[in-house]
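Asker: Sharing a model prediction with you, sequence too.
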Amino acid sequence: MAKRPAKPKPVIGWREWVHLPELGDLVVKAKVDTGARSSALHAHKLKHFTDEQGVEKVSFEIWPFQDSHAKASTFTLPVHESRWIKSSNGHQAYRPVVIVNITLMDQTWPIELTLTNRDEMGFRMLLGRQAIRRKMLVDAGKSFLAGIPDDLPG
């Protein structure tokens, strides 16, 4: 019996605007980086705590736009795990990992997202290969193939 041809995967560019529905339906410009295993989100005022039921949680503030506090919001999520992450410059940091849904190209699925300070980086979010594995193809010469939101600040 012959296999059915695989359903074609959507093609995204090296940078895309992604929606995070569980985080107030935030829209964040992400760098798509197939060289990075993990995805990361810029988080300010990161605070770990254990709630009354003994669940480890993290609260944090997100500034979704570079060089702007527009649409800044605070969130609290359960910590899925914490792990050592090595950045592109070789620095290692122990980061909390949360699981959130992401929407891109009319598809929504859960991803693991590490929370860290990305002030020195050009993008508030890094979308690593684990998040798009088996779901998307990347055209490294294109940008914003999923479109550009109408309601951006500035």
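Answerer: Ah, there it is. Residues are numbered from 1 along each chain as shown.

Asker: Please make it C-alpha for all contacts and neighbour counts, starting now.
Answerer: Noted.

Asker: Point out where the protein drops to low pLDDT.
Answerer: Residues of the chain meeting the criterion pLDDT under 70: 1, 64, 66-70, 88, 153-154.

Asker: can you give me the strands for it?
Answerer: In the chain, the segments counted as strands under DSSP state E are 11-13, 15-20, 26-33, 39-42, 44-50, 56-62, 73-78, 81-86, 92-104, 107-116, 125-128, 137-139.

Asker: Go through the ones you listed and name the closest to residue 147.
Answerer: Set against residue 147 and scored by Cα to Cα, these come closest in strand 15-20, at 7.3 Å.

Asker: any idea of the angle that closest one forms with strand 92-104?
Answerer: Using axes from the mean of the first three to the mean of the last three Cα atoms, to 10 degrees, one finds that strand 15-20 and strand 92-104 are set 80 degrees apart in direction.

Asker: From residue 91, how far off is residue 114?
Answerer: The span separating residue 114 from residue 91 equals 15 Å under the rule Cα to Cα, to the nearest Å.

Asker: neighbour count winner among those two?
Answerer: Each of residue 114 and residue 91 has its neighbours counted (other Cα atoms under 10 Å); residue 114 has more, 25 against 8.

Asker: Was I right to think the more buried one contacts residue 39?
Answerer: Yes - using Cα atoms under 8 Å, residue 114 makes contact with residue 39 at a distance of 6.2 Å.

Asker: ranking the strands of the chain by burial, who's on top?
Answerer: Each of these was scored by mean neighbour count; the highest is strand 125-128, a mean of 26, by mean count of other Cα atoms under 10 Å.

Asker: which helices and strands does it pack with?
Answerer: The contact analysis (3 or more Cα pairs under 8 Å, 6 or more residues apart in numbering; DSSP states H and E) places strand 125-128 against strand 26-33, strand 39-42.
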